[in-house]
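Participant: Sequence first, then the predicted structure:
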Amino acid sequence: MIGGLGWVLMWAVLLGALVVAARRLGERRQRDERRQAARDLPAAVSDVARSIRSGATLGSALREVAPTCRGILGRELGAAVSLLDRGYDTTRVLQLWRRATVIDGVELVASACRFSVEHGAGLVGSLDGVAATLLDRIEVADETAALAAQARTSAVTLIALPPVGAAVFALVDPSSIGVLLGTTVGRVCLVAGVGLDLLGARISGALVQRAVRDGRPEHR
């Protein structure tokens, strides 16, 4: 039977596992929300450009578009509108938004708007260009993710092939297990094979992660 200390340790382990799982679930949810906000950003930029094309100022366009956005993007735009309502000029609001954002792509939007406001360049054309650029970045990221998924599948197949092949061979010729485990050469081969397989798994995982990281827009 499990003693008092054993029960305490067991519950402590279970509680720790729950805390870790909850933390990872929260981190994954935050990543998903940020990813969705980045996907919603191009449409919001296009809406701002459309409003300005109709005669609105940048501040008025932000006020018009903010209530239509959801999630993190809606909250950030709402905070920007609140600053505008408190008397901050548009350039300052864009600067503060750029510093505080957690959404990939906002830095590009803010820079384009600030440049157009400060230098009198075509704001609508800049916003349309930014929206197109953000859509291109999303397409590249999606393609990178798809290729990475294929690479992971291929890597898992190659890594699983040796142990599966060894198991099948053992079923066909059970005496091979004795040679593999009962002789020095067999054990050396087994250790070397497992080590190389693990090394291949690590290298494959690192290559896939690096490819995904290089193909993903950096958040600044």
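Facilitator: Structure's in. What do you need?
Participant: ok, and the helix or strand in this protein with the lowest average confidence?
Facilitator: helix 175-182 (a mean of 74; mean pLDDT, DSSP states H and E).
Participant: List the buried residues in that helix.
Facilitator: Neighbour-count burial for helix 175-182 flags residue 180 (criterion: 16 or more other Cβ atoms under 10 Å). From N, CA and C alone the C-beta is placed, and that goes for glycine too.
Participant: Following the chain past that helix, name the next helix or strand.
Facilitator: Next along the chain after helix 175-182, taking DSSP states H and E as the criterion, comes helix 184-214.
Participant: That following helix - what's its average pLDDT?
Facilitator: If you average the pLDDT over helix 184-214, you get 76.
Participant: what do you get for stretch 47-67?
Facilitator: On average, the pLDDT along stretch 47-67 is 91.
Participant: Return the set of buried residues in it.
Facilitator: Buried, per 16+ other Cβ under 10 Å, within stretch 47-67: 47-52, 56, 58-59, 61-66.
Participant: Name the nearest of the residues you listed relative to residue 145.
Facilitator: Proximity of the buried residues of stretch 47-67 to residue 145 was ranked by Cβ to Cβ; the top entry is residue 47 with 26.5 Å.
Participant: doesn't residue 66 make contact with the closest one?
Facilitator: No: Residue 47 sits out of contact with residue 66 when judged by Cβ atoms under 8 Å, with a separation of 10.1 Å.
Participant: dump the residue contacts of the spatially closest residue to residue 204 that is not a sequence neighbour.
Facilitator: Leaving out its chain neighbours, the residue that sits closest to residue 204 by Cβ to Cβ, 6 or more residues apart in numbering is residue 155, at 3.7 Å. By Cβ atoms under 8 Å, 6 or more residues apart in numbering, the residues touching residue 155 are 200-201, 204-205, 208.
Participant: want to throw those into JSON lines with neighbour count and distance to residue 128?
Facilitator: Below are the contacts of residue 155 laid out as JSON lines (neighbours: other Cβ atoms under 10 Å; distance: Cβ to Cβ, whole Å):
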{"residue": "200", "neighbour count": "14", "distance to residue 128": "47"}
{"residue": "201", "neighbour count": "15", "distance to residue 128": "46"}
{"residue": "204", "neighbour count": "17", "distance to residue 128": "41"}
{"residue": "205", "neighbour count": "15", "distance to residue 128": "40"}
{"residue": "208", "neighbour count": "18", "distance to residue 128": "35"}
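Participant: Would you map the helices across the protein?
Facilitator: Per DSSP state H, the chain carries helices over the ranges 4-53, 58-65, 71-85, 90-100, 106-119, 123-172, 175-182, 184-214.
Participant: Just name the most buried of those.
Facilitator: Mean neighbours per residue, mean count of other Cβ atoms under 10 Å, is largest over these for helix 58-65, with a mean of 20.
Participant: Can I get that helix as CSV, trimmed to CA atoms?
Facilitator: In CSV, the C-alpha atoms belonging to helix 58-65 read as follows (Å, rounded to 0.1, in the frame of the first residue of the first chain):
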residue,chain,number,x,y,z
LEU,A,58,-6.2,58.4,-40.7
GLY,A,59,-7.5,58.9,-37.2
SER,A,60,-11.1,58.7,-38.3
ALA,A,61,-10.4,55.6,-40.3
LEU,A,62,-8.8,53.9,-37.3
ARG,A,63,-11.9,54.8,-35.2
GLU,A,64,-14.1,53.3,-37.9
VAL,A,65,-12.2,50.1,-38.3
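Participant: which strands and helices sit next to that helix?
Facilitator: helix 4-53, helix 71-85, helix 90-100 (3 or more Cβ pairs under 8 Å, 6 or more residues apart in numbering; DSSP states H and E).
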